[in-house]
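**Student:** model this:
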Amino acid sequence: MFPIKLISECYADHTKENKQAMFSCNSRFHRHRRKLICHVLKAVLVFLVVSMIATHTILIKEITNVEFYNQSRNTKESKLSETLKLVNRRSSQLKLQENSLNTLVIRITSSKENVTVTVDNTVIYEDKEALRGRGIHVLVLNQATGSVMAQRIFDTYSPHEDDAMSLFLSLVSDRRIIVFAIKDEGTFQMKQPARELISRFGSQYAKIVGWRDMWAMVVIKGVRVISEGYKKSADFSSWSNPVHITAEIPLSSISESQCLSWPEGEETRRRQNFCNEIEGYGSVCSCSDPSPIMFNPPPVLNNQISDVPVTIIASNRPHYLYRMLRTLLTANGANPDMITVFIDGFYDEPLAVANLFGLRGVQHAPMGVRNARISQHYKSSLSSTFQIFPRAKYAIVLEEDLDVSPDFFGYFSQTVRLLDEDPSLYCISAWNDQGYEHTSADPSKIYRVETMPGLGWILKKSLYKEELEARWPTPDKTWDWDMWMRLAEVRRGRECVIPDVSRTYHFGSSGLNMNSYFHDIYFNKHSFNTVRDVEILNVDSIKKDVYEKLLETEISQANVLNHDQSPCDETYFPRKGDRANVLYIEMNHSKDFGTWLALAKCLHVWDLDARGYHRGMWRMHYNDIPLFVIGAPFSPYSIHMPVDVVPIFMSKEEMKKEVHINN
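**Tutor:** Residues are numbered from 1 along each chain as shown. Take a look at the predicted model:
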């Protein structure tokens, strides 16, 4: 305080009017001393003030820094605390998720109008569509991931579907999760072998589930039943109440659900991609002895179709496609690079089947409904084929539900030139509509017919691009594409070549226009060539002029059958003979097929419409003897009918009373 007091006194003295004070500045000596002291004191005062201000500022800054540090530390600690809480919360969630991923919770509903399957509260399968989906629904789930590996519907109300279900179940690998559920009715045609198979899986109710009962089951194949439910219908005219079951299944490790013993290579890569995602294909996914998926069939001698693309018409029937491709790829001369699978819709499993065999798969959006959709699928596939192979002159067309004979490509290689050399032909088919086991015998023979058979045929590019493509039925036309191709304005007087013994076999028993009952009657007993190398005899004899001359000779020399006896009698057709037989039936004009259709029913050949004829004449083998059936007086070949012979007339009403042969 001393300096401040002294400065104050100096400052006071300096302002006083009294000049007489001891330290007065008026005197010369004292004035100098006081001035010096005042300047020094002023300097000290300024220094002290500046120092105080600086000290205060520093103190304030230090306090601020301390507060900021404390605040920052508190904030960081708060954030760290929140982070730790969040980590703990996430950790709990992860533990919860991990726990839930170790177990699948499957819930199933089986009822008259609905089958629903949920996994961990997510609907993975549902069928509520009215008037469809009748039968037993089967799902196969991966035991390590819970993903759906296969789904099938077996209409066990209809015949043979129980056999198809048994076959499918036998092809599913052990330890897969299998889900069963009935919709509407699923036991009318479920025979004892299928019931016993499901019972061996562990079912308690497979042997007793009956008419319009509801049933659901979850099983680990080869291990045990996880859950099963059953409810009986009250009476014949009603359905039982819905069945609801829940199953909890611990998941296996990924390594336990896959085969790790396959050797490295392209074949194994394709096999793993398929078998890790898809089920129900048997030995192709066997760990110990997998069936081959790459083939090296013998070549076709003097192959004339090595550069001809093969178009596979496919939909969502992957198990059919798999069977068909195995027979195709093992046929002589098969070339995978020329094969394309066209899939009507964006279905994963058919594409996976194509990829399994290393084939090109093309998916496209469906157009139209029912038969119109199939027709548009054909058009799109044919157009795309000639875009993919712009230099191709022909295309071979197959469907996904056809077995292919070992000499399939050899047959076309020998006959394809006829499309260029004979303008009266517009297709060559591997299928004979009337070629059943009891009506065909010679795989080396070929015929001409007016009706386009399809079911494996070769098409000339110029015919498609110049005539068919622009005129193809539009999506609003619900026509069958093959019926359209048989129209007179499309056929334009041209014919197709067919074999006596078919080179394809139609095994598909389910589809838009097919069921197991229909297949059993009209396709099951169709003939099919199994000989690997067959030489077609005298291919040139099928050319129009030559063919007519040969027919005239054979018919004129044929044995005329008894026209006073019904051809439906079991003893009507001779069992021995060195000549062809001929039978004349009534046919007054080109559309008069009444007697033929009645006779066809009696002979157990195709009788739904008239097919496989040439100028009012059908030819086949009966008891291994060539047979000509000639419509008189329409057919020009009726000129060979003896004058005392009256053509046989048969009606549908009469047929109901006849005893059919070859039952």
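**Student:** what about the strands in the stretch 101-250 of the chain?
**Tutor:** Secondary structure of the stretch 101-250 of the chain (DSSP state E, counting those that start in this stretch): strands located at 103-110, 115-119, 122-127, 135-141, 148-154, 177-183, 214-220, 224-231, 243-250.
**Student:** What of the stretch 401-550 of the chain?
**Tutor:** Under the criterion DSSP E, counting those that start in this stretch, the stretch 401-550 of the chain contains strands at 402-404, 425-429, 446-449, 457-460, 495-499, 504-506.
**Student:** Distance to residue 413 added to these, as JSON lines?
**Tutor:** No exception for glycine: its C-beta is placed from N, CA and C like everyone else's. Below are the strands of the stretch 401-550 of the chain laid out as JSON lines (distance: least, Cβ to Cβ, whole Å):
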{"stretch": "strand 402-404", "distance to residue 413": "14"}
{"stretch": "strand 425-429", "distance to residue 413": "11"}
{"stretch": "strand 446-449", "distance to residue 413": "13"}
{"stretch": "strand 457-460", "distance to residue 413": "10"}
{"stretch": "strand 495-499", "distance to residue 413": "13"}
{"stretch": "strand 504-506", "distance to residue 413": "16"}
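**Student:** so which of these comes closest to residue 233?
**Tutor:** strand 504-506 (36.5 Å; Cβ to Cβ).
**Student:** Direction included, what does that closest one pair up with?
**Tutor:** With DSSP bridges as the test, strand 504-506 is paired with strand 402-404 (antiparallel).
**Student:** Give the buried residues for the strand it pairs with.
**Tutor:** Across strand 402-404, burial judged by 16 or more other Cβ atoms under 10 Å covers 402, 403, 404.
**Student:** Please confirm that residue 630 is located within a strand.
**Tutor:** Yes. Assessed with DSSP: H, G, I helix; E, B strand; the rest coil, residue 630 lies in a strand.
**Student:** quick one: it from residue 203, how far?
**Tutor:** Going from residue 630 to residue 203 by Cβ to Cβ, to the nearest Å gives 58 Å.
**Student:** Pick out whichever of those two has more residues nearby.
**Tutor:** Just comparing residue 630 and residue 203: by other Cβ atoms under 10 Å the higher neighbour count belongs to residue 630, 27 against 21.
**Student:** Would you mind giving me the confidence score for the more buried one?
**Tutor:** Per-residue confidence (pLDDT) for residue 630: 98.
**Student:** now swap in residue 21 and tell me
**Tutor:** Residue 21 is assigned a pLDDT of 40 by the prediction.
**Student:** Ok, the one 10 residues further on next?
**Tutor:** Note on residue 31: pLDDT of 47.
**Student:** Tell me where the stretch 501-650 of the chain has helices.
**Tutor:** For the stretch 501-650 of the chain, helices defined by DSSP state H, counting those that start in this stretch occupy the ranges 516-522, 544-556, 594-603.
**Student:** can you tell which of those helices is closest to residue 427?
**Tutor:** Among the helices of the stretch 501-650 of the chain, helix 544-556 comes nearest to residue 427, with 14.7 Å by Cβ to Cβ.
**Student:** quick one: the closest one to strand 425-429, angle?
**Tutor:** Put simply, helix 544-556 runs at 60 degrees to strand 425-429, going by axes from the mean of the first three to the mean of the last three Cα atoms, to 10 degrees.
**Student:** Centre of the chain to helix 544-556, how far?
**Tutor:** Distance, stretch centre to chain centre, for helix 544-556: 47 Å (Cα atoms, centre = their mean, to the nearest Å).
**Student:** same check, this time on stretch 349-360
**Tutor:** Counting by Cα atoms, centre = their mean, stretch 349-360 comes out at 10 Å from the chain centroid.
**Student:** try stretch 623-632
**Tutor:** How far stretch 623-632 lies from its chain's middle: 42 Å, per Cα atoms, centre = their mean.
**Student:** And the contacts of it?
**Tutor:** 438-439, 441, 554-555, 558, 573-577, 580-587, 592, 595-596, 599, 616-621, 637-638, 640-641, 647 (Cβ atoms under 8 Å, 6 or more residues apart in numbering).
**Student:** Now do the buried residues in that stretch.
**Tutor:** Going by 16+ other Cβ under 10 Å, stretch 623-632 has these buried residues: 625, 626, 627, 628, 629, 630, 631, 632.
**Student:** any chance of these in a markdown table, plus distance to residue 566?
**Tutor:** Converted to a markdown table, the buried residues of stretch 623-632 look like this (distance: Cβ to Cβ, whole Å):
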| residue | distance to residue 566 |
| --- | --- |
| 625 | 19 |
| 626 | 21 |
| 627 | 16 |
| 628 | 18 |
| 629 | 14 |
| 630 | 18 |
| 631 | 18 |
| 632 | 17 |
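**Student:** just to revisit the earlier point, any chance of a markdown table for the buried residues of strand 402-404, columns distance to residue 427?
**Tutor:** Shown next, in a markdown table, are the buried residues of strand 402-404 (distance: Cβ to Cβ, whole Å):
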| residue | distance to residue 427 |
| --- | --- |
| 402 | 16 |
| 403 | 20 |
| 404 | 17 |
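**Student:** nearest to residue 466, of the residues you listed?
**Tutor:** For the buried residues of strand 402-404, the closest approach to residue 466 (Cβ to Cβ) belongs to residue 402, at 27.6 Å.
**Student:** contacting residues for the closest one?
**Tutor:** Contacts for residue 402 were tallied using Cβ under 8 Å, 6+ apart; they are 324, 455, 456, 504, 505, 506, 507, 508.
**Student:** Was I right to think the fourth one contacts residue 401?
**Tutor:** No. The pair residue 504 and residue 401 does not pass the contact test of Cβ atoms under 8 Å, sitting 9.7 Å apart.
**Student:** Pick out whichever of those two has more residues nearby.
**Tutor:** residue 504 (30 against 26).
**Student:** Could you find the closest non-adjacent residue to that one?
**Tutor:** residue 456 (3.8 Å; Cβ to Cβ, 6 or more residues apart in numbering).
**Student:** how far away is that neighbour from residue 328?
**Tutor:** As defined by Cβ to Cβ, residue 456 lies at a distance of 10 Å from residue 328.
**Student:** if we can go back for a sec, hmm, residue 429 and the residue nearest to residue 504 touching each other?
**Tutor:** Yes. Between residue 456 and residue 429 a contact is recorded at 6.5 Å, counting by Cβ under 8 Å.
**Student:** And for residue 450, nearest residue in space, chain neighbours not counted?
**Tutor:** Using Cβ to Cβ, 6+ apart, the nearest residue to residue 450 is residue 495, at 5.5 Å.
**Student:** for the one you found, what are its contacts?
**Tutor:** 424, 425, 426, 448, 449, 450, 614.
**Student:** Good, wrapping up.
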